[in-house]
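> Provided below are the primary sequence and the corresponding predicted coordinates.
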Amino acid sequence: ITAINTGTQARTPATTRGDGSFSLQVPPGIYDVTVEAPGFQTFKTSAVQVLVNEDSRVEPVLSPGKASQVVNVHGINTHIDTTSATLKNVVGEETIQNMPLNGRNPISLVLLVPGVTRDPNASVTSGATYPGLGGISINGTRSDSTNYILDGASDNDNYTNAPNPYPDPDALQEFSVQTNNFSAEFGRLPGGVINVVTKSGTNQIHGSAFEYIRNNFFNAANHFSAVTNGHKSDDGLKRHQFGGTLGGPITLPKIYNGKDRSFFFVSYQGNIVYQRPNAQRAGVPDAKLRNGDFSEVTNPLYVPYDPGRSTYAGKQIPNSAISPITQYMLGFIPTAPTGTPINSQGGQTIFYSGINNSLDNQVLARLDHHITANNTLFGSFWNSQDSSPGLLDLTNILSNVAPVRRLSRRVMASDTHIFSPNLLNQALFSYS
C-alpha cells in the first residue's frame, strides 16, 4: 500500500495484515492510494481526502491479472466513522473560504456545528483577553471548559481559558469540533475540543492577496436615516483588512532543491480600524463651585475634620481653605459651554469623547520537512499583536485614554515517526 500526498508528493508505505486490512497514519490532505499484490491488477484511487480527527476508509477490490494492468477508481473513500463513538464535525477549507465572516475571525465558524453557541455571560473575558474572542459553550458546558488546539498544541489562554487568536482564514486548512465522547488523548477539559490545522506548502508555488474595506463611501444609504444635502449618514466605522499568503517548496539555487521534501508557508494579515468613539457624559464644576461657592448645593457643607460638625457660612469655602493642588488640577477639567443648565449637584453636564482606534498585525510562518517516508518534521512561528493608541489631552483629563498593547506569540516544533502500521510517535514542543 502506498499513499502519496498530491501536494507534496510525500509517500507513506504500508503492508496489509493477515486479514487484508491496513492502516496508514498521514496528516490531513488529499492522497492518491495505490494497492499492489503479486498476481493481481494494480488498484489506484485518487482524491482520497483525509480530514483532521477523522478516519478515511478505502476498500480496494483486487482482480486477478498482471501487475501492469491498472484499475483506476475515483472518489471511493467515505467519512462515516465506524471506529469511534466520538461526536464531531469537520469544517473544511471550502467552508472557511466561502462563508461570510464579519471581521474574518475563523473561530466564529464553530457556531455552524450543532450544540455549539456563544456564551454572552462568559467569565473568560477580561482586560487581558485578546480582543474579539469570547466564550464558546458546547452542549451546555461552561465556556471555560472548551479545549482549543492549534496544529496539535494547546492553544488556550492560560489566564482566562479563552482561545488565543487564530490565523486568518486564508492560512487555515480545516478544523474539527468534537462535542462528545472524545478520546482520552484529548484530556484537560471536559466541554469539547476545537482542533485547528494550518496550511503547509506544496510542490507548487501558491499565493493569495486580499483587502477588505469597510467605508461609508461604499455603504448604501440607511433607509431610516435622513440624507442631508446629498450626503448619507456616516456609521462612524472604517476598517481595512489586508494581507496575503505564500507557500511552496524550499529551493536554494545550486545549493538545495526541496521538491518533494521541504516546504514553507507564510501568512500575514493587517487590520486597521478607525471607529467613532461613543459620547461620554460627566458632571463638572461651574464657575461658582470652582471658587468655593456651594450655595446651589442642597446638602449642608461641613467643615472637614471638625469634631463639632460645623458648616461653612453661606456654603462658601474660603480661599485659604482651598488646596493649591486642587486649584491646579481644576485647570485640567474642562468648563461647560455658556448657558449650560445647573444640575441637581450644583455642577454642569458636559459631553466628550476620546479615541477608539486599533491596529492588529498577524504573522504565521511554517516549515515542513520529510526526512524519510516514515519521519516528518514541522515547525511554526505565530505572532499576533493588537494595539490601541493612547490620548493625552491636558485641557480635558476626562478624555484621556491609556495605550493598550496585547500580544499573543507561539513557537512550536513537532517530530512524527511511524515505526509500524500500529505504532506511531509524535514528539511536540510548544511555547506561548
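Looks like it came in fine.
> Distance from the chain centre to stretch 303-317, please.
Mean-position distance between stretch 303-317 and its chain equals 58 Å (C-alpha atoms, centre = their mean, to the nearest Å).
> in that stretch, what counts as buried?
312, 315, 317 (16 or more other C-beta atoms under 10 Å). All C-beta atoms are positioned from the backbone trio N, CA, C, and that covers glycine.
> Then stretch 6-23?
7-8, 10-12, 14, 22.
> Ok, stretch 262-270 next?
262-269.
> Serialize the buried residues of stretch 6-23 to a markdown table and add fields for secondary structure.
Below are the buried residues of stretch 6-23 laid out as a markdown table (DSSP: H, G, I helix; E, B strand; the rest coil):
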| residue | secondary structure |
| --- | --- |
| 7 | coil |
| 8 | coil |
| 10 | coil |
| 11 | strand |
| 12 | strand |
| 14 | coil |
| 22 | coil |
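> These: which two are farthest apart?
7 and 22 (22.4 Å; C-beta to C-beta).
> Show the backbone phi and psi for the closest residue to residue 37 other than its chain neighbours.
Leaving aside its sequence neighbours, residue 37 sits nearest to residue 62 (C-beta to C-beta, 6 or more residues apart in numbering; 5.9 Å). The phi and psi values for residue 62, taken as degrees, to the nearest 10, are phi -100, psi 140.
> How many residues are close by residue 62?
Number of residues near residue 62 (other C-beta atoms under 10 Å) recorded here: 15.
> quick one: residue 242 and residue 170, what's the gap?
Remark: distance between residue 242 and residue 170 (C-beta to C-beta, to the nearest Å) = 11 Å.
> go on, residue 384?
Distance, residue 384 to residue 170, by C-beta to C-beta: 15 Å.
> now do residue 282
Residue 282 sits 44 Å away from residue 170, going by C-beta to C-beta.
> between these two, which one's more packed in?
residue 170 (22 against 15).
> what sits against residue 344?
By C-beta atoms under 8 Å, 6 or more residues apart in numbering, the contact list for residue 344 reads residue 298.
> Adjust the sequence numbering to begin at 43 for everything that follows.
Got it, the first residue is 43 from now on, which makes the last one we talked about residue 386.
> ok, now how distant is it from residue 114?
Distance, residue 386 to residue 114, using C-beta to C-beta: 86 Å.
> likewise residue 179?
Residue 179 is 47 Å from residue 114, by C-beta to C-beta.
> So if I had to pick from those two, which one is more boxed in?
The neighbour count for residue 179 versus residue 114, taken as other C-beta under 10 Å, is higher for residue 179 (21 against 10).
> That one touches residue 233, doesn't it?
Yes - judged on C-beta atoms under 8 Å, residue 179 makes contact with residue 233 at a distance of 7.4 Å.
> shared neighbours, those two?
The contact sets of residue 179 and residue 233 overlap at 185, 188 (C-beta under 8 Å, 6+ apart).
> Okay, buried residues for the strand ranked longest in the chain please.
Counting residues, the longest strand in the chain under DSSP state E turns out to be strand 446-462. Across strand 446-462, burial judged by 16+ other C-beta under 10 Å covers 448, 450, 452, 454, 456, 458, 460.
> now what about that strand, what contacts it?
For strand 446-462, contacts defined as C-beta under 8 Å, 6+ apart pick out 54, 67, 69, 170, 172-173, 192-195, 197, 206-207, 416-430, 432, 466-474.
> all strands for the stretch 193-342 of the chain, in order.
Secondary structure of the stretch 193-342 of the chain (DSSP state E, counting those that start in this stretch): strands located at 195-196, 214-222, 234-240, 248-256, 279-291, 293-294, 298-299, 304-317, 322-326.
> quick check, distance from the longest one to the centre of its chain.
Here the centre of strand 304-317 is set off from its chain's centre by 12 Å, with C-alpha atoms, centre = their mean.
> And stretch 271-281, by the same measure?
Here the centre of stretch 271-281 is set off from its chain's centre by 29 Å, with C-alpha atoms, centre = their mean.
> Same question for stretch 126-138.
With C-alpha atoms, centre = their mean as the basis, stretch 126-138 stands 18 Å off its chain's centre.
> got the contact list for it?
Residues from elsewhere that reach stretch 126-138 (C-beta under 8 Å, 6+ apart): 93-97, 121, 123, 148, 151-152, 154-156, 211, 214-225.
> just for the stretch 43-192 of the chain, where's the confidence low?
For the stretch 43-192 of the chain, the stretches with pLDDT under 70 are 109, 117-124, 162-171, 173-176.
> again but with the stretch 293-442 of the chain, I slipped
388.
> in it, which spans are helices?
Here the stretch 293-442 of the chain has its helices, by DSSP state H, counting those that start in this stretch, at 329-332, 366-372.
> Can you name the residues bridging to residue 468?
Beta-bridge pairing of residue 468 under DSSP bridges involves residue 458.
> show me the residues around residue 189 that make contact.
196, 198, 228, 230-231, 233-236.
> Return a selection command, for use in PyMOL, containing the buried ones of those.
Of these, the buried ones go into a single PyMOL selection, burial set by 16+ other C-beta under 10 Å:
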select buried, resi 196+198+231+233+234+235+236
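> of all the contacts of residue 189, which comes closest to residue 292?
Nearest to residue 292 among the contacts of residue 189, counting by C-beta to C-beta, is residue 196 at 28.1 Å.
> show me what contacts that closest one?
Contacts of residue 196 (C-beta under 8 Å, 6+ apart): 189-190, 230, 472.
> for residue 226, same thing?
By C-beta under 8 Å, 6+ apart, residue 226 has no neighbours at all.
> Need the pLDDT of it.
In this model, residue 226 is scored at 82, pLDDT.
> distance of it from residue 333?
Counting by C-beta to C-beta, the separation of residue 226 from residue 333 is 74 Å.
> Show me what the residue nearest to residue 405 when sequence neighbours are not counted is bridged to.
Among residues not flanking residue 405 along the chain, residue 425 sits closest, at 4.8 Å (C-beta to C-beta, 6+ apart). Using DSSP bridges, the bridge partners assigned to residue 425 are residue 405, residue 451.
> What of residue 391?
Taking DSSP bridges as the rule, residue 391 bridges to residue 325.
> how close does it get to residue 259?
From residue 391 to residue 259 the distance is 35 Å (C-beta to C-beta).
> More neighbours: which of those two?
For residue 391 versus residue 259, neighbours defined as other C-beta under 10 Å are more numerous around residue 391 (14 against 9).
> For residue 395, which non-adjacent residue is spatially closest?
Computed as C-beta to C-beta, 6+ apart, the closest residue to residue 395 that is not its neighbour in sequence is residue 319, at 4.4 Å.
> Does the one you found touch residue 396 like I think?
Yes - taking contacts as C-beta under 8 Å, residue 319 lies within contact range of residue 396: 5.5 Å.
> what's the nearest residue to residue 332 if we skip its chain neighbours?
Computed as C-beta to C-beta, 6+ apart, the closest residue to residue 332 that is not its neighbour in sequence is residue 372, at 5.7 Å.
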